[in-house]
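Participant: would you be able to build a 3D model of this:
(2 chains)
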Number of protein chains: 2
Amino acid sequence: MEEILDRAAEAAREWGTTRPDERAAALDAVAEALDRETGDLVALAEWECRLPGEGLRAEVARTTFQLRSFAAHLRSGAVNGVVVDREDPAWPAGPRPDLRRMLVPLGPVAVFGSTSYPFAFSVAGSDTASALAAGCPVVVKASHSYPDLADRTAEIVEAVLPKGVFALVHGQRRARQLVLDPRIKAVAFIGSSRVGRELHHLAATRPEPIPFYGGFGSVNPVFVTAQAARERGREIARGFAQALAQQSGQLCTKPGLLVVPEAIADDVAAEVRALRAEPLFNKLVAKRFETGVEALTEFLDVLVEGGSVAGGHAPTLLRTTATDVLNGHDEVLSECFGPVSVVVTYRDSHELLELAATLPGQLTATVHGEDDDVLPELVSELTGRAGRIVWNQWPNDIATTPAMHHGGPWPATTSPFHTSVGVRAVERFQRPVVFQGFPSRFLPEVLADER
Amino acid sequence: MEEILDRAAEAAREWGTTRPDERAAALDAVAEALDRETGDLVALAEWECRLPGEGLRAEVARTTFQLRSFAAHLRSGAVNGVVVDREDPAWPAGPRPDLRRMLVPLGPVAVFGSTSYPFAFSVAGSDTASALAAGCPVVVKASHSYPDLADRTAEIVEAVLPKGVFALVHGQRRARQLVLDPRIKAVAFIGSSRVGRELHHLAATRPEPIPFYGGFGSVNPVFVTAQAARERGREIARGFAQALAQQSGQLCTKPGLLVVPEAIADDVAAEVRALRAEPLFNKLVAKRFETGVEALTEFLDVLVEGGSVAGGHAPTLLRTTATDVLNGHDEVLSECFGPVSVVVTYRDSHELLELAATLPGQLTATVHGEDDDVLPELVSELTGRAGRIVWNQWPNDIATTPAMHHGGPWPATTSPFHTSVGVRAVERFQRPVVFQGFPSRFLPEVLADER
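Facilitator: Predicted structure coming up:
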């Protein structure tokens, strides 16, 4: 580990001052190498992550798309954040010197691979790609859920990049070491809030505090209005069941709270009851899931008893009322990772709005509505509490596009300003520097006058 | 205080959803009101802050310029951060929904007024203006150095803004209360690193951590190359002495470290010896300054003994060698607020670069050079350590322009990403939200399709 961190610190200067198009070429090369090995990687992931091959192939494609998006972003020049103010003796706030601003990389970044996405948010995923695009060397801490896949992916990435720019480490002990090491200048973390909060605290209180980008997941509430429930209750119930079942509920964007009028609760239960049992990622995930459900059933009604059948887990559906939650039984507002969700029934729009106003920060909040009077106020309330608001769709999929914001207020993430998906993810690893009065010959190429 | 915070929390929704041009009109109105009262305000500040009237008038002009800059920024639309991705079933990473991103305000902000700038970074200064522009109500904690001026300024601001959007409080006890209050969603702080770090720690470890933007100052090193020293040593010495004397060294951008070849140290001393004694802001500042100088003189040579004369303090110049600093005597790398600076003599370019590489994060770093071979490496080293790099000028003045970055890596500030000067200061108080698949009728006006 010492050697890995030394090499990363050493590589930081050179990699950080490469031209953006050089970094773009490197990211394209990583994408190409992964494309070439897709067959191998998917086979390994099917075995190690217990996920279906079709979804994994799509995830590899997403991963290489992400890498190429950052490459295109680098080539567009937008990544440099250049702002130039020429000298102006007549500037109204007093004579202004020549000022040229650009973004520079923070230095070596520690990336914690996610369990849910063995490719797209892992070794060569969005965090790694964005840190590399920013000009930061990356040290990935592999998820314990797929050590072999992590090794194989790292081998492919490392072979393509300059020495020291990328490395992989394993083991829980390394997590704390990485976050505390003075050579590490930022951390990107996807995972459990228990581990994440501890690491966040370390990052914020070490002698030189560093940015810690933690995505801890959330309950991703779905609000169904009275009119939507009346007009298409069955359809919504079916859509919800599918969203809950996607990847056996093992997604940070799983809808974990369905807020509905009493009338459609049975429809929802019927749809969830019809879902099949599917295997979870591994025994540790299954164990945590079972413990989480057990804790919830202590004070919630069980609408659909999922439970484990022949190595798989069928989705569980629990139930409470908005009145109960508002009276302080707000344990349902914490995430339980895996195939479980809670139906919360409400009496009227007043209660619906009150419930929305008790939500802690969320990655997403979803509304299924029609033309109900409550909507403007509901949407406004949710805007204050979530990073993404979804209308008459489901929150699970996170499109990789420039407008995407995958993030949200505390406790969903540790930084409300930043997204971990889309090209803006690179901003997490760059800071501005402004050069005052400099002749072009000493300026970085992107700031110099054309020669 | 309870009532003030309640009113701020209440005002947050309405102020946060005003149209940008409405907030622009309000900021313009504040600027106009301050302009009208300039005479009164300056007279009060001359008496309470012991600063010359001419400089104070310029500072009021800067303050109203800042307010109007944020108003113009609001009218330009840039402040909304809108990115729209239309629905695209053929998007290469999979069908893409309609996604529309914008920035929303964080909520009520606590602003701590600076001692050095009774107008430009105080009650109606850059932090207040940028938070208001973002759509956040503001509660200002007045600097203890000018309670009456703070009250008078607050009166003017409060009269112009909607109820609850702005308030002023006094007293050190309120500082902790503000930072810990759940209704406060961000803090902007300029002041001593002692108080600032304590408050930063509170903000980072409270149940809901909030962004804390602290500017703690730095030594703002100035590097003079061998060739520059030979060709214009006297001129540089004169410029340095003036920069040190500006506002009696009571600026976060004061050059506190002058790194020079031995040959011009005497020229520098001669120029500093010729400076007049000037009063400091108040007794507390004077006391801290004297204690700081005393600590430094324990292990540094005194080149110019300043000391206090008839209510004023003449600048003090201390001296050490790069060799000593590199051998661990690095106390000179911490700021001492007031009219004192340290000359560090170096032997050769190697030592110059080594010294640059030991610097902690800085607000500014300055180079006086010609065509020396050491320059590319020196500039590259400083780029990794400062928020602003100045060439053959002095760092004191902070131009209010779009390209300005007033910030820097830890420990100079608590967030390397953000500037407290220039229109980008507003970004500190906004977070992104993306709306997925929404019909225009439920979208905020800036995201809706044209009707």
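
Participant: could you chop chain A up by domain?
Facilitator: For chain A, automatic domain parsing gives the domain ranges A:2-216+A:413-447, A:221-391.

Participant: strands paired with the lowest-mean-pLDDT helix or strand in chain A, and their directions?
Facilitator: Of all regular secondary-structure elements in chain A, judged by mean pLDDT, DSSP states H and E, the least confident is strand A:308-309 with a mean of 81. Applying DSSP bridges, strand A:308-309 is found paired with strand A:312-313 (antiparallel).

Participant: contact partners of the strand it pairs with?
Facilitator: With contact meaning Cβ atoms under 8 Å, 6 or more residues apart in numbering or on different chains, strand A:312-313 is reached by A:Ser248, A:Arg276, A:Ala277, A:Glu278, A:Pro279, A:Leu280, A:Ala286, A:Phe289, A:Gly306, A:Gly307, A:Gly338, A:Pro339. In short, each C-beta sits where N, CA and C put it, glycine included.

Participant: enumerate every residue touching the second one.
Facilitator: Contact criterion Cβ under 8 Å, 6+ apart gives A:Ala245, A:Gly312, A:Ala314 as the residues in contact with A:Arg276.

Participant: A:Asp449 versus that one, what's the distance?
Facilitator: Applying Cβ to Cβ, to the nearest Å, one obtains 65 Å for the distance of A:Arg276 from A:Asp449.

Participant: packing partners of the longest helix anywhere in chain A?
Facilitator: Longest helix in chain A, counting residues (DSSP state H): helix A:53-76. Here helix A:53-76 touches helix A:20-36, helix A:38-49, helix A:126-134, going by 3 or more Cβ pairs under 8 Å, 6 or more residues apart in numbering or on different chains; DSSP states H and E.

Participant: and it, what's buried?
Facilitator: Taking 16 or more other Cβ atoms under 10 Å in any protein chain shown as the neighbour-count basis, helix A:53-76 is seen to contain the buried residues A:56-71, A:73-74.

Participant: and for stretch A:187-199?
Facilitator: For stretch A:187-199, a neighbour-count test (16+ other Cβ under 10 Å) marks A:Val187, A:Ala188, A:Phe189, A:Ile190, A:Gly191, A:Ser193, A:Val195, A:Gly196, A:Arg197, A:Leu199 as buried.

Participant: pLDDT wise, what is the closest residue to chain B within the stretch 151-300 of chain A at?
Facilitator: Here the residue of the stretch 151-300 of chain A nearest chain B is A:Ala204; by Cβ to the nearest Cβ that distance is 4.3 Å. Listed pLDDT for A:Ala204 reads 91.

Participant: what residues are up against it?
Facilitator: Contact partners of A:Ala204, counting by Cβ under 8 Å, 6+ apart, are A:Phe212, B:Ala204, B:Thr205, B:Pro209.

Participant: of those, keep whichever come out buried.
Facilitator: Neighbour-count burial (16+ other Cβ under 10 Å) applied to the contacts of A:Ala204 gives A:Phe212, B:Ala204, B:Pro209.

Participant: and of those, the nearest to A:Glu22?
Facilitator: Proximity of the buried ones among the contacts of A:Ala204 to A:Glu22 was ranked by Cβ to Cβ; the top entry is A:Phe212 with 28.7 Å.

Participant: could you check the pLDDT of the closest one?
Facilitator: A:Phe212 is given a pLDDT of 97.

Participant: which one is it nearest to, not counting chain neighbours?
Facilitator: Taking Cβ to Cβ, 6 or more residues apart in numbering or on different chains as the measure, A:Phe212 lies nearest to A:Ala203, with 3.8 Å between them; neighbours along the chain are not counted.

Participant: quick one, what contacts the one you found?
Facilitator: The contact partners of A:Ala203, taken as Cβ under 8 Å, 6+ apart, are A:Val179, A:Val187, A:Pro209, A:Ile210, A:Pro211, A:Phe212.
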